[in-house]
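> fold the following for me, if possible:
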Amino acid sequence: MASTFTTNIRLEQQEDGSNPNSWGTVLNNNVIALIDDAIAAYTTIALTNETVTLTNENGASDQARSAFLELTGTLTSSVNVVLPAKSKGYFVRNKTTPDASETVTIKTLAGTGLTLADDYRGWVVCDGVSVHNPNAVGLGLGTAANLNFGTADANLIPVSTADVRFVRTSVSSTIPSAKTFTSAVTFEGPGIVPVTSLTDAASIAIDMGVGNNFAFTLGGNRTLEAPTNSTAGQTGYIYITQDGTGGRTLAFNNAYIFVSGTAPTISTAAGAKDMLVYNVKEATAITALVIKALATAS
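From the prediction side, this is the model:
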């Protein structure tokens, strides 16, 4: 009674009633051991200047059944490595050394093949006719998701805006326009917002678009102007320091709203330091509280 063999990796299928005294041996050697090869065998193939056709045996150990192929040798001409025209995947490592610009192409006898880059390490797939790289191009998906196994930027495929793919959440939904971020917030350190020094002048200006926390030293009687570029919900503090002379006064623009509607009188001792804590409700309504005498000159 004759055995048959599976199509792709050529495992023996014993006919019912055959091999009554050696059935287990045939199963172990011609099926189980060969499955082991197909999953885990590592085969080294030496190349020089001629085509190498991988051995391809029914129910027996061969090269073409191996899961991993390592190609070695010094190439003196470009060569082909020929696989069976059967559906199967291989992990290939190309360790050949070209004498000049020789290449290795892995293919079936009649189908198209894949030319391997120097030191190629990756999967190749035979679809039963030809051999492909299992990336987007090899699988016929286009260039957007293309990924070549290998090294160096030569393996990075340029992607244009035409390659960008979108996903629609339903057949009637539309893709919204892109959102633009007009500014970036930079944090220096672990959640620390820096203090911005303000220029002393008769009218002290604050640009709240550059930060949240500020400080200035009074060099005379001054007015704190309404800030520019404030954002509703913005909070922070402003340090107010008397110079070494002291006795300086500070008036507040009507945009600052204090408890009971009355602007406070700041500390006047030389070197005294007060802190104004604020919260922006809107550009012309900034609630504020002054904490006085945080520090005085010794």
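
> ok, now how distant is T4 from T51?
To T51, T4 is 30 Å away according to Cβ to Cβ, to the nearest Å. C-beta: built from backbone N, CA, C; applies to glycine.

> now swap in F252 and tell me
Distance of F252 to T51, given as Cβ to Cβ: 90 Å.

> domain map for this structure?
Split into domains by automatic domain parsing, the chain comes to 38-157, 195-295.

> nearest to N21, of the ones you listed?
Evaluated with Cβ to Cβ, the domains of the chain place domain 38-157 nearest to N21, the distance being 17.7 Å.

> what mean pLDDT does the closest one have?
The predicted model assigns domain 38-157 a mean pLDDT of 88.

> so how far is it off the chain centroid?
Distance of domain 38-157 from its chain centroid, counting by Cα atoms, centre = their mean, to the nearest Å, is 29 Å.

> where do the strands sit along the stretch 51-200 of the chain?
Ranges of strands in the stretch 51-200 of the chain, per DSSP state E, counting those that start in this stretch, are 52-53, 68-72, 74-75, 79-83, 87-94, 97-98, 104-108, 114-116, 121-127, 131-132, 195-197.

> tell me what the third one is packed against?
Going back to what we said before, that points to strand 74-75. Applying 3 or more Cβ pairs under 8 Å, 6 or more residues apart in numbering; DSSP states H and E, one finds that strand 74-75 contacts strand 97-98.

> partners of the strand it packs on in the sheet?
If you go by DSSP bridges, strand 97-98 pairs up with strand 74-75 (parallel).

> which outside residues touch the strand it pairs with?
47-49, 96-99, 102-104 (Cβ atoms under 8 Å, 6 or more residues apart in numbering).

> show the buried residues in these.
47, 96, 102-104 (16 or more other Cβ atoms under 10 Å).

> just for the stretch 151-298 of the chain, where's the confidence low?
Under the criterion pLDDT under 70, the flagged ranges of the stretch 151-298 of the chain are 151-191, 295-298.

> most widely separated two among the contacts of strand 74-75?
The span of those, defined through Cβ to Cβ, is set by T48 and T103 at 13.6 Å.

> turn the domains of the chain into a markdown table, columns for distance to N28.
Shown next, in a markdown table, are the domains of the chain (distance: least, Cβ to Cβ, whole Å):
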| stretch | distance to N28 |
| --- | --- |
| domain 38-157 | 12 |
| domain 195-295 | 75 |
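
> T25: which of those domains is closest?
domain 38-157 (12.0 Å).

> picking that back up, dump the strands of the stretch 51-200 of the chain to a markdown table, plus distance to E15.
Shown next, in a markdown table, are those (distance: least, Cβ to Cβ, whole Å):
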| stretch | distance to E15 |
| --- | --- |
| strand 52-53 | 30 |
| strand 68-72 | 33 |
| strand 74-75 | 46 |
| strand 79-83 | 29 |
| strand 87-94 | 25 |
| strand 97-98 | 49 |
| strand 104-108 | 30 |
| strand 114-116 | 38 |
| strand 121-127 | 29 |
| strand 131-132 | 34 |
| strand 195-197 | 89 |
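
> do a quick rundown of the helices in the stretch 1-150 of the chain.
Secondary structure of the stretch 1-150 of the chain (DSSP state H, counting those that start in this stretch): helices at 23-27, 33-40.

> is it true that D119 touches N94?
Yes: here D119 reaches N94: they are 6.2 Å apart, a contact under Cβ atoms under 8 Å.

> who has more neighbours, the two?
N94 (22 against 13; other Cβ atoms under 10 Å).

> correct me, but that one touches T115?
No: contact criterion Cβ under 8 Å: N94 and T115 do not qualify, at 10.0 Å.

> anything in contact with each of those two?
V104.

> just the buried ones among the contacts of strand 74-75 now: which is nearest A205?
Proximity of those to A205 (Cβ to Cβ) peaks at T103, which lies at 69.5 Å.
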